[in-house]
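Asker: Give me a model of this one.
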Amino acid sequence: MPILEVENLSISFNQYTAGLKRKNIQVISSLHVTLEAGEILAVVGASGSGKSLLAHAILGILPDNALVSGTIKYNGELLTPSTQASLRGKEIALIPQSTNYLDPLMRVGNQVRTSVQTGDATLAQRAVFKRLHLQQTVEKMYPFQLSGGMARRALLSTAIVSDAKVIIADEPTPGLDPVVMKEALNNFREFADNGCAVMLITHDIESALMIADKIAVFYAGTTVELAPVEDFTGNGEALRHPYSKALWRALPQNDFTPIPGSQPHPSDLPTGCLFAPRCTMATSACSEEQPDMRNIRNGMVRCMHAT
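Answerer: Residues are numbered from 1 along each chain as shown. Prediction:
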């Protein structure tokens, strides 16, 4: 049984426009993703595709004007606001994208120690700082005294010492030098090998390929493909969705071929398949309704033309 299951998740926001008219904007629709204990699932896609919103929905930290439907289960049990609050930071830990999540009024060492659930908190904090190449003097500093890379390592430290069963890492590597980035990625792999489940949200597909077991590709607020990491190779011929193939070929180390057009804004989504306006395989049927996710070649894809 997956440790984390997200089924048919949809998220919209109530916003007020000119003249105080209320408008509902759909930002995530029919999103599916599962996470197994002992595996790393990398979530990739363009900015605005819903990756961070998924993390916030799992943890129950969306803003008050968010409307959420669908189900999120942890160990087979439906997550409710109260269970999310009880699990947050304990069994489900977030490494947030923004370093502003650090408390500006608390010394960094103390912040990391608050995440330690068993054993000596000071020893655990100092051990993880050494592991991530943070000097012991850093524990006495406040967040404003840290560089961007140091702040990210401090956030990473809170997850490492938490003994969480699920770690959601939202863009954890920007600003890290290559040595520390490799250490951080190795930590995630070690978590998974010890039975933890890791969701790595990233733009850096190359880094994800180093440690991930599966990759979920997001586009315009939904999952378009879930594939084993081994499928991201060659010219992308093993991939199933046209967007996944185009995204892979657009990388500098591959063809470096740009994808025509741009991802649609949530307020102006096309009918039917969300990628159809940019897809060379699109037919008139693609604009009628959004395809369901289906199993193909040991993966899942949301495309009626995939084989």
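Asker: And the strands in this structure?
Answerer: Assigned by DSSP state E, the chain shows strands spanning 4-17, 21-35, 40-44, 66-74, 77-78, 92-95, 166-170, 197-201, 214-219, 222-228, 294-296, 299-301.
Asker: Dump those strands to JSON lines, plus mean neighbour count, distance to Ala121 and mean pLDDT.
Answerer: Using the backbone N, CA and C atoms, a C-beta is placed for each residue, glycine as well. Shown next, in JSON lines, are these (neighbours: other CB atoms under 10 Å; distance: least, CB to CB, whole Å; pLDDT from 0 to 100):
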{"stretch": "strand 4-17", "mean neighbour count": "16", "distance to Ala121": "27", "mean pLDDT": "91"}
{"stretch": "strand 21-35", "mean neighbour count": "17", "distance to Ala121": "28", "mean pLDDT": "91"}
{"stretch": "strand 40-44", "mean neighbour count": "26", "distance to Ala121": "27", "mean pLDDT": "97"}
{"stretch": "strand 66-74", "mean neighbour count": "16", "distance to Ala121": "26", "mean pLDDT": "96"}
{"stretch": "strand 77-78", "mean neighbour count": "9", "distance to Ala121": "29", "mean pLDDT": "96"}
{"stretch": "strand 92-95", "mean neighbour count": "24", "distance to Ala121": "15", "mean pLDDT": "93"}
{"stretch": "strand 166-170", "mean neighbour count": "24", "distance to Ala121": "19", "mean pLDDT": "95"}
{"stretch": "strand 197-201", "mean neighbour count": "25", "distance to Ala121": "23", "mean pLDDT": "96"}
{"stretch": "strand 214-219", "mean neighbour count": "25", "distance to Ala121": "34", "mean pLDDT": "97"}
{"stretch": "strand 222-228", "mean neighbour count": "23", "distance to Ala121": "38", "mean pLDDT": "96"}
{"stretch": "strand 294-296", "mean neighbour count": "12", "distance to Ala121": "45", "mean pLDDT": "95"}
{"stretch": "strand 299-301", "mean neighbour count": "23", "distance to Ala121": "41", "mean pLDDT": "96"}
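Asker: Same list (those) but as JSON lines, adding distance to Gly50.
Answerer: Below are the strands of the chain laid out as JSON lines (distance: least, CB to CB, whole Å):
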{"stretch": "strand 4-17", "distance to Gly50": "8"}
{"stretch": "strand 21-35", "distance to Gly50": "5"}
{"stretch": "strand 40-44", "distance to Gly50": "9"}
{"stretch": "strand 66-74", "distance to Gly50": "12"}
{"stretch": "strand 77-78", "distance to Gly50": "21"}
{"stretch": "strand 92-95", "distance to Gly50": "16"}
{"stretch": "strand 166-170", "distance to Gly50": "12"}
{"stretch": "strand 197-201", "distance to Gly50": "10"}
{"stretch": "strand 214-219", "distance to Gly50": "6"}
{"stretch": "strand 222-228", "distance to Gly50": "7"}
{"stretch": "strand 294-296", "distance to Gly50": "20"}
{"stretch": "strand 299-301", "distance to Gly50": "17"}
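Asker: Tell me what Glu225 is bridged to.
Answerer: Going by DSSP bridges, Glu225 is paired in beta bridges with Val217, Val301.
Asker: Show residues contacting stretch 109-127.
Answerer: Residues from elsewhere that reach stretch 109-127 (CB atoms under 8 Å, 6 or more residues apart in numbering): 89-90, 93, 102-103, 128-129, 136, 138-140, 154, 157-159, 161-163.
Asker: What mean pLDDT does that stretch get?
Answerer: For stretch 109-127, mean pLDDT rounds to 94.
Asker: where's that stretch relative to the chain centroid, distance-wise?
Answerer: Computed by CA atoms, centre = their mean, to the nearest Å, the chain-centroid distance of stretch 109-127 equals 25 Å.
Asker: Do I have it right that Ala227 meets Leu209?
Answerer: No: with contacts counted by CB atoms under 8 Å, Ala227 stays clear of Leu209, the gap being 11.4 Å.
Asker: intersection of neighbour lists for these two?
Answerer: By CB under 8 Å, 6+ apart, the residues touching both Ala227 and Leu209 are Ile215.
Asker: which of the contacts of stretch 109-127 count as buried?
Answerer: Buried subset of the contacts of stretch 109-127 (neighbour count, 16 or more other CB atoms under 10 Å): 89, 93, 102, 128-129, 138-139, 154, 157-159, 161-163.
Asker: Out of these, flag the one nearest to Thr257.
Answerer: Comparing the buried ones among the contacts of stretch 109-127 against Thr257 with CB to CB places Ala159 closest, at 36.3 Å.
Asker: Which residue is the nearest non-sequential neighbour of the closest one?
Answerer: Leaving aside its sequence neighbours, Ala159 sits nearest to Ala93 (CB to CB, 6 or more residues apart in numbering; 4.5 Å).
Asker: List the beta-bridge partners for the one you found.
Answerer: Counting by DSSP bridges, the residues bridging with Ala93 are Ile167.
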